[in-house]
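1. Predicted model and sequence follow; I will ask about them next.
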Amino acid sequence: MSSSALHPQAENKAGPSSIGTELEFFVAVRIDDGSQPTVPKLFASSEGKPLVVREAGSRGRALETYAIEHVRHTITLAIEKNVRCKTRVIASPQDLDDHEARHLGPYMSWTVEHEGTASMPEDILGQRGVSDYMWVDLEVKSPALWVTDDAFIKILDVVQALQHTYWICTPPSTALQFHYGCGKDYIPFRNLRRIAALLYAADPLVTQLHPQHRRNNTYSLSNRLYSILAHGSTEPDANRDPEAPETELESPDRRGEGSDPQREAKVQGSTKFKPVFAHGMLTGYDISAHNFYLTDPDTTVSLGSGRVPRGYACKPLGILTAVREILHCTTAPGLSERMEILMERPAYDFGAYADSRYMREAPRRRQQPKRTIEFRHAAGTMDPEEVVAHTKIVVRFCEWASAADLAEFWKLILDCEAGESTPSWFDVFDLLARLDLNAEAKVLQTSMAPRYGIKILDEDAGTAKYPETLDPKAWNWDRRTIM
């Protein structure tokens with residue numbers, strides 16, 4: 001069957017949501033040689049301990065294997081207390097007898113492996129006592145989990161167990177990633193299209209949650225700024241979809257100084273919460289002319305870095321035009337191509353729906369392509385509540401976009417578009433409030449504030465002590481990366 005033709009299964013009613021998470025971090029390891037090594041100041045109040053290896057000959061691969069097995073055992077103990085909870089999409093090997101479930105074979109259980117790309121920064125290794133330990137970079141992957149409260153509890157339990165057992169560091173080279181899907185099935189195409197449209201429009205606001213080192217990062221570049229669609233490169237579809245109005249929609253009124261009904265609505269919501277970040281404190285992306293040029297489909301770059309020509313127009317396609325283009329898509333591969341970034345990884349990866357993978361048969365001995373959307377934007381963290389908050393935000397974005405009334409959907413798109421150009425009017429906390437994610441916003445604000453040098457005095461009242469400057473480039477990343 002041609003992948004460009006809509007598969008009947010792809011248009012079935014959406015099944016239950018599923019989620020998987022990937023955690024990247026370092027653990028401290030030392031050889032037990034009878035000495036009493038210095039406890040680095042960074043870990044003076046840590047609940048965990050360094051991993052101690054008793055064999056003096058344990059180096060390199062042997063040390064890495066020992067750390068992997070130890071972490072795997074810790075996770076096994078953490079999930080045993082809720083073993084009766086039916087959270088895994090693939091609960092037993094027999095579930096893989098279903099041909100449509102083969103792609104979930106590697107995601108039946110929690111896995112631990114060497115991460116391989118992360119590095120410890122010199123400014124941390126140079127601190128007193130830190131270099132007395134070896135640092136092993138690991139990646140922990142959850143199984144594919146049905147979206148339930150029990151699944152969120154299980155993720156919390158695992159991260160908490162790791163935090164309480166080891167000295168853990170998540171430097172800027174680490175990330176927190178998620179895979180959203182519909183169990184063993186493909187995400188229905190209409191839902192896929194809606195999700196892509198919302199993520200494209202919300203991208204400049206959502207990035208406000210993340211530290212500077214995750215912006216213009218080649219492992220998670222902005223779809224809104226650098227995708228093929230952002231460059232205005234699209235293939236026209238013969239059929240146009242009524243979800244994308246052809247007429248220009250009325251833009252929302254910009255709120256001036258004074259009353260702010262959106263912020264007031266937050267305090268009146270299900271979870272009392274008032275941000276300590278006033279409108280305008282949080283900003284979005286600074287577009288990189290270099291990245292924009294290198295990701296332009298019309299750019300021909302020879303060996304080495306491409307130099308941006310004088311007079312080159314560095315202007316991505318407008319959000320409203322781009323969202324209409326997404327909603328006009330009639331095939332999943334066409335949508336995937338629009339969201340792709342040439343030669344780099346996007347913050348929101350729809351690669352599972354590319355023409356080379358979508359609805360393609362795979363030989364029995366080969367791994368079946370995934371069927372998820374990958375969220376790659378978040379910085380590495382091993383704070384249990386923060387990990388769960390990000391997980392719930394991913395799920396809520398996808399489920400809301402799939403089910404929202406069209407008028408409400410477009411209203412939020414318009415607000416996101418206005419927020420990009422006028423961050424002093426609509427920011428990420430307004431977005432989270434609109435999606436009833438106040439509890440999650442409160443958790444993430446707690447992790448964001450120290451990066452800005454802000455000390456929260458009263459979360460409910462929204463009061464805080466602020467530094468003289470709120471320049472985000474002065475963020476101190478290690479305030480939230482040491483556990």
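-> Looks like it arrived, so ask away.

2. what's near enough to touch Y293?
-> T299, G306, V308, P309, Y312, C314 (CB atoms under 8 Å, 6 or more residues apart in numbering). (C-beta placed from N, C-alpha, C; glycine too.)

3. Could you check how far the last one is from V89?
-> Distance of C314 to V89, given as CB to CB, to the nearest Å: 43 Å.

4. Neighbour count for those two, which is higher?
-> When C314 and V89 are compared for neighbours, V89 comes out ahead with 22 against 14, by other CB atoms under 10 Å.

5. Looking at that one now. What's its pLDDT?
-> For V89, the pLDDT comes out at 94.

6. Now do it against F189, distance only.
-> 21 Å.

7. Could you do A404 as well?
-> Noted for A404: a distance of 16 Å to F189, by CB to CB.

8. So which of the two has more stuff around it?
-> Neighbours were counted for A404 and for F189 using other CB under 10 Å; F189 has more, 19 against 16.

9. pretty sure the more buried one is in contact with P333, am I right?
-> No: between F189 and P333 no contact is recorded; they are 10.5 Å apart, counting by CB atoms under 8 Å.

10. Could I have the CA atoms of stretch 28-43 written out in PDB?
-> C-alpha atoms of stretch 28-43 as PDB (Å, rounded to 0.1, in the frame of the first residue of the first chain):
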ATOM      1  CA  ALA A  28      29.000   9.600  40.400                       C
ATOM      2  CA  VAL A  29      31.100   6.400  40.900                       C
ATOM      3  CA  ARG A  30      34.200   5.700  42.900                       C
ATOM      4  CA  ILE A  31      36.500   2.800  43.500                       C
ATOM      5  CA  ASP A  32      36.600   1.600  47.100                       C
ATOM      6  CA  ASP A  33      40.400   1.900  47.800                       C
ATOM      7  CA  GLY A  34      40.000   2.500  51.600                       C
ATOM      8  CA  SER A  35      40.400   6.200  51.300                       C
ATOM      9  CA  GLN A  36      37.900   8.900  52.400                       C
ATOM     10  CA  PRO A  37      37.400  11.100  49.400                       C
ATOM     11  CA  THR A  38      36.100  14.700  49.700                       C
ATOM     12  CA  VAL A  39      32.400  15.200  49.500                       C
ATOM     13  CA  PRO A  40      32.000  18.000  46.900                       C
ATOM     14  CA  LYS A  41      30.100  21.000  48.200                       C
ATOM     15  CA  LEU A  42      27.500  20.400  45.400                       C
ATOM     16  CA  PHE A  43      26.400  17.200  47.000                       C
END
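
11. Run the chain-centre distance for that stretch.
-> Stretch 28-43 sits 33 Å away from the centroid of its parent chain (CA atoms, centre = their mean, to the nearest Å).

12. List the residue ranges of the protein that fall below the pLDDT cut-off.
-> 1-14, 55-59, 82-84, 233-272, 301-306, 361-368, 470-483 (pLDDT under 70).

13. which SS state does L104 fall under?
-> With DSSP: H, G, I helix; E, B strand; the rest coil as the basis, L104 sits in helix.

14. quick one: it and V89 touch, right?
-> Yes: counting by CB under 8 Å, L104 does reach V89; the two are 5.9 Å apart.

15. okay, and the common contacts of the two?
-> Common neighbours of L104 and V89 are listed as A144, K184 (criterion: CB under 8 Å, 6+ apart).

16. follow-up on the earlier one: ok, and the most crowded of the contacts of Y293?
-> Of the contacts of Y293, V308 is surrounded by the most neighbours, 17 neighbours in total, counting by other CB under 10 Å.

17. what lines up beside the lengthiest strand in the chain in the sheet?
-> Taking DSSP state E as the criterion, the chain has its longest strand at strand 18-31. Paired with strand 18-31 in the same sheet, following DSSP bridges, are strand 51-53 (parallel), strand 134-141 (antiparallel), strand 145-146 (antiparallel), strand 168-169 (antiparallel), strand 175-181 (antiparallel).

18. Quick check: which of these has the most neighbours on average?
-> Comparing the strands paired with strand 18-31 by mean neighbour count (mean count of other CB atoms under 10 Å), strand 168-169 comes out on top with a mean of 25.

19. For that strand, what is the distance to the chain centroid?
-> Distance, centroid of strand 168-169 to centroid of chain: 19 Å (CA atoms, centre = their mean).

20. repeat for stretch 52-69
-> Relative to its chain's centre, stretch 52-69 lies at 31 Å (CA atoms, centre = their mean).

21. Ends of it, what's the gap?
-> Stretch 52-69 has its terminal residues 13 Å apart, counting by CA to CA, to the nearest Å.

22. buried ones in that stretch?
-> V53, S58, L63, E64, Y66, A67, I68 (16 or more other CB atoms under 10 Å).

23. Then stretch 388-405?
-> Using 16+ other CB under 10 Å as the test for burial, stretch 388-405 gives 388-402, 404.
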